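[1] Next comes the sequence, and after it the predicted model I'd like to discuss.
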Amino acid sequence: NIRKAMGYILAVHVPIAGLCLIPVLLRWPLILQPVHIVFLELIIDPTCSIVFEGEPEESDIMDRPPRDPSKPTFSSKLVLTSLLQGLGILIAVLIVFGLGFYVHGLTEPDARALAFTTLIFANVALILTNRSWTHSIIHTLRTPNKSVWWVIAGALSLLAVTLYVPV
């Protein structure tokens, strides 16, 4: 489970880093403000420390040989998979922001809110995807882990409050 948490951490931070850097390089308006990053960390930290640690072991755990202690915990396959997941999310969020702001003429705050909402939903999908590497997402949805639903409900509730309750 610690490998799943580590993969998730890497995957989720790729779009965060990209969304902070790419708009500066392209001379776009900033997409992520510091408050957005704090919001994301309020999802990421409990996900790593509670959700992934609370996951039941994979069904084939006793059929596999133990990991060679001389090999790294963070394999190149895990790094590559995590980077590709993060890159996919980054590209999706950049497309959503670009289309909203430059094609559909949304205001900067509206385009930022749309991009941030996309990032939050992608983060939820990333959590659900990385819960198991041997079972489908449908199977993992049926696997009990109350903390997953608390984190997702908290994230989406806080997102709704952020978007719909005036300052």
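    Here it is on my side, so go on. Numbering: from 1, shown residues only.
[2] could you measure the spatially most central residue of the chain against residue 47, distance?
    With distances taken as CA atoms, centre = their mean, residue 123 lies nearest the centre of the chain, 2.8 Å away. Separation of residue 123 from residue 47 (CB to CB, to the nearest Å): 8 Å. To be clear about C-beta, it is placed using only N, CA and C from the backbone, and glycine gets the same treatment.
[3] do the same with residue 9
    Noted for residue 9: a distance of 9 Å to residue 47, by CB to CB.
[4] the more surrounded of the two?
    Neighbours per residue (other CB atoms under 10 Å) separate residue 9 from residue 47, with residue 47 holding more: 25 against 15.
[5] quick one: low-confidence parts of this structure?
    Scanning the chain for pLDDT under 70 picks out 54-64, 133-135.
[6] Quick check: buried residues in the longest helix along it?
    Secondary structure of the chain per DSSP state H: the longest helix is helix 2-26. With burial defined by 16 or more other CB atoms under 10 Å, the residues of helix 2-26 counted as buried are 4-8, 10-12, 14-16, 18-20, 22-23.
[7] Can you name every helix or strand that it contacts?
    If you count contacts as 3 or more CB pairs under 8 Å, 6 or more residues apart in numbering; DSSP states H and E, helix 2-26 packs onto helix 34-46, helix 76-98, helix 108-130.
[8] Would you mind saying which of those helices lies nearest residue 147?
    For residue 147, the closest of these is helix 34-46, at 7.5 Å, according to CB to CB.
[9] Between helix 108-130 and the closest one, find me the angle.
    10 degrees (axes from the mean of the first three to the mean of the last three CA atoms, to 10 degrees).
[10] show me the contacts for residue 122.
    Each residue near residue 122 by CB atoms under 8 Å, 6 or more residues apart in numbering is listed here: 15, 89, 92-93.
[11] could you redo the last one with a cut-off of 7 Å?
    Applying CB atoms under 7 Å, 6 or more residues apart in numbering, we find residue 122 in contact with 89, 92-93.
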